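In: no FASTA, just this:
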C-alpha cells in the first residue's frame, strides 16, 4: 500500500485504477491459465464442500475455493473454516482460555 | 544444423502494441552495431514492416516468390540504403495464408541463417495459423506488451503457447510506458507487469510522440540518431541483446518538476 492509497482510503475515494487493474488481471489470468470458468469453479466448490462436510462440520456459507497464481504457477486454494468434527467435541475455531496455575 | 544466428520472434498476441515498430527499430539498432540483421515480415495478412522502414517502394519480390523458387533469396531481400547491414524480407500476398505451412516458414528462415547474425521475425497479431507458422521457425522470443489489462492478458496467453513450443529464452518488452500515469498509479507499474507475466524484462519503451512522426517519414527513430525517449529505449534494448549491461531507464526519474517530485512522494510504499 502506498501513501496515495492511504490518503484515498482516508478520504473515502476510489482506489487508484492501477490496483484495480492488477487485481482484475490476476483473477482473469488465474482462470485463463487453468481454463476453468467461474461456473465450473463454483460447481467444484460445492462438490468439495459436500465431501468435506461428510467428515467435519463446516460453515457452508464461509467456504471459499479460489485460484491463485504466482510465477505462472496456478494453485487451487480452498479455505474451509471447520466448526467441529462430526465425531464430537473438538471445536477448532474456539479460542482457548489460558488457565493460571 | 546448429548455427549461431539468433532467430527471434517478436510477438504480442494483441495487435497495436508496437511489435512492428519495435522490430524496425531493433533491426536498425542492431545493424548500426555492425551485426548482419534480417527482419522478416511474417504478417502476411496485414504487412507494415516495409512501411515503417521506408522500404515500401523498393520491394520487387517477396517471401512468396522465394518459396515458389521463382526468384533467389538475395533478389527478394531489400537492403536498407543507410544501414546496409539491415535487410528486409517482405511478406508475400495475403493469399499465401491459404497454403503457407510451418515448413515453409522454416525453409525461409533457414535460408536467412546462412547470411545473417540476427533474424527478427515480426509476428502477426493473434494466436492462429500465422502465429503458429512464425513460432515454428523461431528459437527465441520477445513478447511486447503495454501496461494495459487487455495487452497483458493476451501476452500471458502467448507466453503459454511459446512455452509449449519450447521457445527459449522468452523476454519481455514493456512498451508505451507513461511515467506520469505510472507515478499517479493510474497505470500498471513495471513491477506489476513483470510479476504477473513472470518474464525477465529486456527493456521498457517510454511513450513518445516522436514514434508517430518517425513512422510518418518511414525513418525509424534509431536511424536518425534521435535522442528522444523512445529512441534511447530502443537502442538500449538492442545493446542488451548484444550482451551489454545497460541499466533500465527509471520512468519515475523522468521529469524533474515539482509536480513529478510530489507524484514520486505519493508513490512511496508504506506497507
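Out: On my side now, so go ahead. Values in this document were obtained by computation on a predicted structure and should not be read as measured data.

In: what about residue B:12, distance to residue B:248?
Out: 20 Å (CB to CB, to the nearest Å). Quick note: C-beta positions are derived from backbone N, CA and C, even for glycine.

In: Same check on residue B:211?
Out: For residue B:211, the distance to residue B:248 - CB to CB - is 19 Å.

In: Which one of those two is surrounded by more residues?
Out: More neighbours surround residue B:211 than the other of residue B:211 and residue B:248, with 24 against 14 (other CB atoms under 10 Å in any protein chain shown).

In: Look at that one and report its pLDDT.
Out: pLDDT recorded at residue B:211 is 96.

In: On the three-state scheme, it is what?
Out: helix (DSSP: H, G, I helix; E, B strand; the rest coil).

In: Does it touch residue B:21 like I think?
Out: Yes. Using CB atoms under 8 Å, residue B:211 makes contact with residue B:21 at a distance of 6.2 Å.

In: which SSE is residue B:195 in?
Out: Assigned by DSSP states H and E, residue B:195 belongs to helix B:190-197.

In: List the buried residues for that helix?
Out: B:190, B:192, B:193, B:196, B:197 (16 or more other CB atoms under 10 Å in any protein chain shown).

In: show me the contacts for the third one.
Out: By that I understand residue B:193. B:145, B:147, B:152, B:172, B:174 (CB atoms under 8 Å, 6 or more residues apart in numbering or on different chains).

In: Remind me which helix or strand the last one belongs to.
Out: Assessed by DSSP H and E, residue B:174 sits inside strand B:170-177.

In: and that strand, is it in reach of chain A?
Out: No. Strand B:170-177 lies out of reach of chain A by CB under 8 Å from any CB of the partner chain, never closer than 10.9 Å.

In: Give me the angle between that strand and helix B:190-197.
Out: 140 degrees (axes from the mean of the first three to the mean of the last three CA atoms, to 10 degrees).

In: Beyond strand B:170-177, next helix or strand please.
Out: Immediately after strand B:170-177, counting by DSSP H and E, sits helix B:179-183.

In: Show residues contacting the helix or strand containing residue A:27.
Out: Taking DSSP H and E as the criterion, residue A:27 maps to helix A:17-34. If you take CB under 8 Å, 6+ apart as the criterion, helix A:17-34 is touched by A:5, A:37-38, A:41, A:66-69, A:72, A:74, A:76, B:148-149, B:152-153, B:156-157, B:160, B:182, B:185-189, B:192, B:196.
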